[in-house]
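**Student:** Let's see this in three dimensions:
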Amino acid sequence: MKNLLKLMASLGLILLFTDCTASIEDYTIESESTTEIESTTDATLDPCSNEDPKTRVINNGTVSFNLEVLEADGTTVVSIINIPPNSTTSWASFNEGPVMFSLKGTDFNVADDKVLIQMDNCTAYEIEVDANNEIVSYLPIVL
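**Tutor:** Have a look, this model is predicted:
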């Protein structure tokens, strides 16, 4: 009787392990389909195809701001005037190259800020103003 219980337990374990195993062919099929899905997803997630650089302003401050984007020769390529508090501008694009971003508050108590950045295709510069009317973002985003 003791051996019968041990035999039944062993047989149960053997059946359990043999039912839960998968063949190598199953893994090969899964990895091929996963690769197809990943390559399709990568192609659809690439949002930029040599697009011009762009910028926008997120004004979480308490005063209005004016944005100018200037080329190296001083030519204004983007001008957004009177960006109200608690608003976000739409994206404005311009040619690649070194540009100066000039953000000026309409209130004289707010410090102006100028940043020179080399903007390449497929880059964006999102300028965020916090509740204290200070710029909190200085890095361009690669799209």
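
**Student:** so how many other residues sit close to the closest residue to residue 142 other than its chain neighbours?
**Tutor:** In space, and not counting its chain neighbours, residue 142 is closest to residue 123: 5.7 Å by CB to CB, 6 or more residues apart in numbering. Every C-beta, even on glycine, is put in place using the N, C-alpha and C of the backbone. Neighbour count of residue 123, defined by other CB atoms under 10 Å: 19.

**Student:** Numbering from 833 from now on, please.
**Tutor:** In the new numbering, first residue 833, that becomes residue 955.

**Student:** Residue 955 touches residue 972, doesn't it?
**Tutor:** Yes. Counting by CB atoms under 8 Å, residue 955 does reach residue 972; the two are 4.7 Å apart.

**Student:** beta partners for residue 891?
**Tutor:** Here residue 891 sits in beta bridges with residue 919, residue 961, going by DSSP bridges.

**Student:** From residue 958, how far off is it?
**Tutor:** Applying CB to CB, to the nearest Å, the value for residue 891 to residue 958 is 12 Å.

**Student:** Which residue of these two possesses the greater neighbour count?
**Tutor:** residue 891 (23 against 16).

**Student:** What residues of stretch 933-946 count as buried?
**Tutor:** For stretch 933-946, burial by neighbour count (16 or more other CB atoms under 10 Å) applies to 933-937, 942, 945.

**Student:** Show residues contacting it.
**Tutor:** Contact with stretch 933-946 is made by 887, 889, 893, 895-902, 914, 932, 947-949, 957, 959, 961, 965-967, as judged by CB atoms under 8 Å, 6 or more residues apart in numbering.

**Student:** Selection in PyMOL covering whichever of those are buried, please.
**Tutor:** The buried subset of the contacts of stretch 933-946, as determined by 16+ other CB under 10 Å, is captured in PyMOL by this line:
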select buried, resi 887+889+893+895+896+897+898+899+900+901+902+947+949+957+959+961+965+967
